[in-house]
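Trainee: give me the fold of what follows.
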Amino acid sequence: MSSDTTLTALAAQLELELDGAVELRHQLHARPGLSGDEAATRELVLAALPGGHAATEVAGTGAVVRVGGGGPAIAVRGELDALAVHEETGVPWESRHPGVMHACGHDVHLAALVALARAVDRIGGPAPLLAVLQPREETYPSGAQDVTEDGILDREQCRAAVGAHVQPLLAAGTVACTPGGVNASADEFTVTVRGDGGHAAYPHLTRDPVVTLAHVVVALQSLVSRETDPMSSVVLSVTTLAAGTAANVVPGSAEAGGTLRAMRTADREFLQQRLVETAELVAKAYGCTADVRITRGEPVLDNDATLTAATQPLLASLGLKVATDLRSAGADDFSYFSARMPALMLFVGTHGGTEQLHSPTFLPPDERVRDVAHALLAGYVAAAEQFIPRP
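Mentor: Predicted coordinates for the structure are as follows:
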């Protein structure tokens, strides 16, 4: 069967699965679980997947389910975890767990994945589908990193991976399918400056870590403005400051923290090195010392060029408008999949306005379950066509 014929048949079957998928979305939304506490969410999704397929637990609270027989397969990822956000949507199916909410669309992604898996199970697909129910997308340690390092994808002969994420900055009916880097690497850093504290009335007898840290914070901004190619996308944001407990005391130390992001791996490594050097040298100039700790997070998320090109016409044939230039300094640990195999992350429009992910009012309409399911379908069919040999 040609990819067009397969796509048409699966799209028709998807339509029959959507009512159940929307109901599942409501159930997931009402019962969210934080990162590391997703077992109940996992079981709800497993119960909705087609029966007769064994689930392999992975990464603690995650699971992988093969649908469609043996042989090389295509992974389709859905995220299990919710956020520590108190919901303010007022819908009948809002979160029943105070302070926990699906404010990032993971409930939509999971429901769409289930609809696709059920369609493949009912009429067959171009390749086996691995439904990857991934925990801990929203926090460290990364669930995607644990899944990819577990070895299960190798054991299941996974040849490519597909994911989709709702994106409120895009209009409904639009899907971004962009080649190359689409999400930045994301590292966290802490700079601790140590000096000699004392009475605030006698600053000349101290080595003031607060003033020193202020100069460090300002100096770090030049790493972006003066040491990085203006055509490269990088972010260095200092987001936390902590020092002292009394107005008349110069403390012995001061601390700043923040995030470092880059769309190219070379920029990531360069900025990490220069962050350490800059903090240490500025602190030394003021008679203090600086200790820099960097927590490496997600790598750059790179969409495979071949898979991207093959998916774009399939999206269009499903009636979706295709955008090819959306990139974001946001991060997603799906990047651990893209670091190991051909992978594709699609961004599915929900609003086209100022609505924000992680907001207590973020609530994509139920109709977006259909759009996400169609996006995953297009990526799955394209991946099978490109990376699994035909018999």
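Trainee: surely Ala115 is within a helix?
Mentor: Yes - counting by DSSP: H, G, I helix; E, B strand; the rest coil, Ala115 is found in a helix.
Trainee: gap between it and Pro299?
Mentor: Per Cβ to Cβ, to the nearest Å, Ala115 is found 30 Å from Pro299. Where C-beta positions appear, they are placed from N, C-alpha and C, glycine not excepted.
Trainee: more neighbours, the two?
Mentor: Ala115 (30 against 22; other Cβ atoms under 10 Å).
Trainee: so that one sits against Leu14, correct?
Mentor: Yes - Ala115 is in contact with Leu14 according to Cβ atoms under 8 Å; the separation is 5.7 Å.
Trainee: which residues are common contacts for the two?
Mentor: The contact sets of Ala115 and Leu14 overlap at Ala373 (Cβ atoms under 8 Å, 6 or more residues apart in numbering).
Trainee: pretty sure Met263 is touching Gly330, no?
Mentor: No - with contact defined as Cβ under 8 Å, Met263 does not reach Gly330; the gap is 11.0 Å.
Trainee: nearest residue to the residue nearest the centre of the chain other than its sequence neighbours?
Mentor: Against the mean C-alpha coordinate of the chain, by Cα atoms, centre = their mean, the closest residue is Asp332 at 2.0 Å. Spatial nearest neighbour of Asp332, chain neighbours left out: Asn183 (5.1 Å); criterion: Cβ to Cβ, 6 or more residues apart in numbering.
Trainee: report the contact partners of that neighbour.
Mentor: Asn183 touches Glu298, Val300, Leu301, Arg327, Ser328, Ala329, Gly330, Ala331, Asp332, Phe334, Ser335, Met345, counting by Cβ under 8 Å, 6+ apart.
Trainee: mind doing that once more with 7 Å?
Mentor: Leu301, Ser328, Gly330, Ala331, Asp332, Ser335, Met345 (Cβ atoms under 7 Å, 6 or more residues apart in numbering).
Trainee: same check on Ala283?
Mentor: Val193, Thr212, Val216, Thr289, Ala290.
Trainee: quick one: it from Val276, how far?
Mentor: As judged by Cβ to Cβ, Ala283 and Val276 stand 11 Å apart.
Trainee: give me the common contacts of those two.
Mentor: Joint contacts of Ala283 and Val276 (Cβ under 7 Å, 6+ apart) do not exist.
Trainee: for Arg390, grab the count of nearby residues.
Mentor: So Arg390, with other Cβ under 10 Å, has 7 neighbours.
Trainee: which of the helices or strands spans it?
Mentor: Here Arg390, judged by DSSP states H and E, is contained in no helix and no strand.
Trainee: quick check: the gap between it and Pro126.
Mentor: Distance, Arg390 to Pro126, by Cβ to Cβ: 9 Å.
Trainee: now stretch 117-130: buried residues?
Mentor: By 16 or more other Cβ atoms under 10 Å, the buried positions in stretch 117-130 come out as Ala117, Arg118, Ala119, Val120, Asp121, Gly125, Pro126, Ala127, Pro128, Leu129, Leu130.
Trainee: let's verify the fifth one: helix, strand, or coil?
Mentor: Assigned with three-state DSSP, Asp121 falls in the helix class.
Trainee: contacting residues for it?
Mentor: Pro50, Val67, Gly68 are the contacts of Asp121 under Cβ under 7 Å, 6+ apart.
Trainee: out of the residues you listed, who has the most neighbours?
Mentor: Going by other Cβ under 10 Å, Val67 tops these with 21 neighbours.
Trainee: tell me where the stretch 101-250 of the chain has strands.
Mentor: 129-134, 158-167, 174-176, 180-183, 185-194, 198-199, 234-243, 249-250 (DSSP state E, counting those that start in this stretch).
Trainee: for Glu17, give me its contacts.
Mentor: Glu17 is in contact with Ala115, Arg118, Ala119, counting by Cβ under 7 Å, 6+ apart.
Trainee: separation between the first one and Gln13?
Mentor: Read that as Ala115. Ala115 is 9 Å from Gln13, by Cβ to Cβ.
Trainee: likewise the second one?
Mentor: Between Arg118 and Gln13 the distance is 8 Å, computed by Cβ to Cβ.
Trainee: same check, this time on the last one
Mentor: Plainly put, Ala119 is 4 Å away from Gln13 if you go by Cβ to Cβ.
Trainee: doesn't Ala75 belong to a strand?
Mentor: Yes - judged by three-state DSSP, Ala75 forms part of a strand.
Trainee: so it bridges to which residues?
Mentor: For Ala75, the beta-bridge partners under DSSP bridges are Leu130, Ala161.
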